[in-house]
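1. what shape does this take:
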Amino acid sequence: MSQKGQIWKTRPLDSWAKAKELRAKWQKSISSENNVVGQGNCGFFGDWSNCFPNLTIVEDNPDGAMICSRSSAFARKSRLACEVRGWGREVCGYHNNCWGGQYLGYDIDGKPFPYRQLVVPFPCVCDSHAKRGVQVRDFEPVPQWMADQCMYIGPRDEAREEAMLEHRAYCTLRQINDIERIFDQKFDDEKLIEEMNANQQIQDYATEISILMTNKPAPISVKELYSFYTLGGLTKVDPEETVAFWRMLRDEIAWRVDEKIAAVGNERFRWIEAHPPAWHYLKYYRYMEKYGAVCLGSQYTHAIGGNCLEYKPDGSIYRRDIMQYSPDTPIQTREDAVRFMMGPDARTPQHFKQDEYMRPEAIYEFAKIFQADGAVFGLWRSGIGCTMTRKEQAMRLRKKGLSAMTYEGSQPGDRTDLDEKRFLEQLDSWMESQGLEKLED
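-> The predicted structure follows:
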């Protein structure tokens, strides 16, 4: 449909149908009665759990976000079931959306809850992640493994990073060995090596997509990117099929750039954010489109390419290559593959999350690369790691001449304390301060 002031053509993404198919396969794997179901995360970069014949690891972030987006009623009922058992609102909404189903005995689709048989809490700078294991283990005594999120402050120290990498690799290798022993499942080393090679390709395609999104007009917005960015990361299906999907998506977005097909046909204002939005209220992206405003995402969303983009000495844009395990190191054994998988999280203090704490100018560089005019930052009251430095980032951008707005809410998976009416009023005031009026209403 043509909008007032439309400049560029728009059209839906052809890749959308395939993305839904892959997501449905992942959802089906969770409820498989033949599988040992675990809780936690086995690495953003690759998934060693797929290398067991009958093991599925469920991660709270995509599951909890999906529950909040699909059914506010079920999400609220789940969080209440957690709250009456002592898990208050300060706990991440993703967790309580998932674990309410555990207490209720059924999932969002009405089917019996797939009870967990082991737990591997995801070590992360978001401090509530480790609590995931407590909810599972308190409900029923199951094996639990913990790992550490290694980071440090100060100049880069390669010897220290090597020790961090070895420690993280040891944690993962121990988990694999223990699961083999406890659940009598043989781990497939060859499959792990194949997964690592596949995930390197996924990151390469994802990096290209991030670079393509820096164009004007933006070929897709972050709302579309959120439909894809967990595939191959937090939601894991067949590696070969996932690589083929990301190649298809990259090709389609490149074509959209060449043909000047836009996410927002009347784009005239570009903005970035920080971390996920309120999943029940994604329509605010569409509300902003009434002003001709398009959201390009955040350091969080663009980490699918291995890390955020940066300017290279020659002025070109590409991902920060210090994140990667050395490409000259052959992946020939289980240990090689695990070190490669752990590399982005353990070899450097400059993971996308640490960027926000230790590279003060990273947020401005990100905004500049995506040609942003401003930023909208959520101040979440739970999952504290998602809010650290947020006000400082807003002030930093303002000093650089970019406008920044902040709003408050419980957490992306919890709608309890987000005042939607006030949020839209804030957006109206912010757009008016930029001299913009709605193009259509």
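2. against residue 410, how distant is residue 419?
-> Taking C-beta to C-beta, to the nearest Å as the measure, residue 419 falls 11 Å from residue 410. C-beta here means a position set from N, CA and C on the backbone, and glycine is covered the same way.
3. more neighbours: which of these two?
-> Neighbour totals were compared for residue 419 and residue 410, and residue 410 leads with 20 against 12 (other C-beta atoms under 10 Å).
4. and the closest residue to residue 26 other than its chain neighbours, how many neighbours?
-> Counting by C-beta to C-beta, 6 or more residues apart in numbering, residue 26 lies nearest to residue 235, which is 4.5 Å off, once chain neighbours are set aside. Burial of residue 235 is recorded as 23 neighbouring residues (other C-beta under 10 Å).
5. for residue 235, name its beta-bridge partners.
-> Beta-bridge pairing for residue 235 (DSSP bridges): residue 231.
6. that one: what's it in contact with?
-> 22-23, 26, 59, 62 (C-beta atoms under 8 Å, 6 or more residues apart in numbering).
7. next: residue 102.
-> The contact partners of residue 102, by C-beta under 8 Å, 6+ apart, come to 113, 115-116, 135-136, 139.
8. tell me the pLDDT at it?
-> Looking at residue 102, its pLDDT stands at 90.
9. now do the SS call for it.
-> helix (DSSP: H, G, I helix; E, B strand; the rest coil).
10. how about residue 57?
-> Classification of residue 57 using three-state DSSP returns strand.
11. residue 271: which element?
-> Assigned by DSSP states H and E, residue 271 belongs to strand 269-273.
12. and the closest residue to residue 7 other than its chain neighbours, how far is that from residue 320?
-> Among residues not flanking residue 7 along the chain, residue 266 sits closest, at 5.9 Å (C-beta to C-beta, 6+ apart). Going from residue 266 to residue 320 by C-beta to C-beta gives 33 Å.
13. between these two, who's got more neighbours?
-> For the pair residue 266 and residue 320, the greater number of neighbours falls to residue 266 (23 against 20), based on other C-beta under 10 Å.
14. let me know the helix or strand that that one is in.
-> Using DSSP H and E, residue 266 sits within no helix or strand.
15. what mean pLDDT does stretch 27-46 have?
-> Stretch 27-46 comes out with an average pLDDT of 68.
16. tell me which helix or strand in this structure has the weakest average pLDDT.
-> In the chain, the helix or strand scored least confidently by mean pLDDT, DSSP states H and E is helix 352-358, which has a mean of 50.
17. how about the helix or strand following it: buried residues?
-> Counting by DSSP H and E, the element after helix 352-358 in chain order, helix or strand, is helix 362-369. In terms of neighbour count (16 or more other C-beta atoms under 10 Å), helix 362-369 has its buried residues at 362-367, 369.
18. adding distance to residue 388 and pLDDT as columns, could you present these in a markdown table?
-> Output for the buried residues of helix 362-369, formatted as a markdown table (distance: C-beta to C-beta, whole Å; pLDDT from 0 to 100):
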| residue | distance to residue 388 | pLDDT |
| --- | --- | --- |
| 362 | 14 | 82 |
| 363 | 13 | 86 |
| 364 | 17 | 90 |
| 365 | 19 | 90 |
| 366 | 17 | 90 |
| 367 | 19 | 93 |
| 369 | 22 | 94 |
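19. of those residues, closest to residue 15?
-> Distance ranking of the buried residues of helix 362-369 against residue 15, using C-beta to C-beta, places residue 369 first at 23.7 Å.
20. re earlier: of the contacts of residue 235, closest to residue 415?
-> So of the contacts of residue 235, ranked by how close each gets to residue 415 (C-beta to C-beta), first place is residue 62, at 17.5 Å.
21. tell me which element the closest one falls in.
-> Going by DSSP H and E, residue 62 is in helix 60-70.
22. just the mean pLDDT for whichever helix or strand comes after that helix, thanks.
-> From helix 60-70 onward toward the C-terminus, using DSSP H and E, the following helix or strand is helix 72-83. If you average the pLDDT over helix 72-83, you get 93.
23. stretch 267-281 now?
-> Mean pLDDT, stretch 267-281: 91.
24. what about residue 396, which SS state?
-> The assignment at residue 396 comes out as helix when based on three-state DSSP.
25. and for residue 376?
-> With three-state DSSP as the basis, the three-state label of residue 376 is strand.
26. need the contact list for it.
-> When contacts are counted by C-beta under 8 Å, 6+ apart, residue 376 touches 271-273, 295, 404-407, 427, 430.
27. which residues make contact with stretch 197-214 from outside it?
-> Residues outside stretch 197-214 that contact it (C-beta under 8 Å, 6+ apart) are 45-46, 219-220, 225, 229, 232, 239-240, 242-243, 246-247, 249-250, 253-254, 257, 296-297, 302, 304-306, 309, 317-319, 331, 341, 369-371.
28. cross those residues against helices and list the overlap.
-> Judged by DSSP state H, helices contain the following of those: 225, 239-240, 242-243, 246-247, 249-250, 253-254, 257, 341, 369.
29. how about those residues in JSON lines, adding distance to residue 284?
-> Formatted as JSON lines, the ones in helices among the contacts of stretch 197-214 follow (distance: C-beta to C-beta, whole Å):
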{"residue": "225", "distance to residue 284": "16"}
{"residue": "239", "distance to residue 284": "34"}
{"residue": "240", "distance to residue 284": "37"}
{"residue": "242", "distance to residue 284": "30"}
{"residue": "243", "distance to residue 284": "33"}
{"residue": "246", "distance to residue 284": "27"}
{"residue": "247", "distance to residue 284": "31"}
{"residue": "249", "distance to residue 284": "24"}
{"residue": "250", "distance to residue 284": "28"}
{"residue": "253", "distance to residue 284": "23"}
{"residue": "254", "distance to residue 284": "28"}
{"residue": "257", "distance to residue 284": "26"}
{"residue": "341", "distance to residue 284": "35"}
{"residue": "369", "distance to residue 284": "24"}
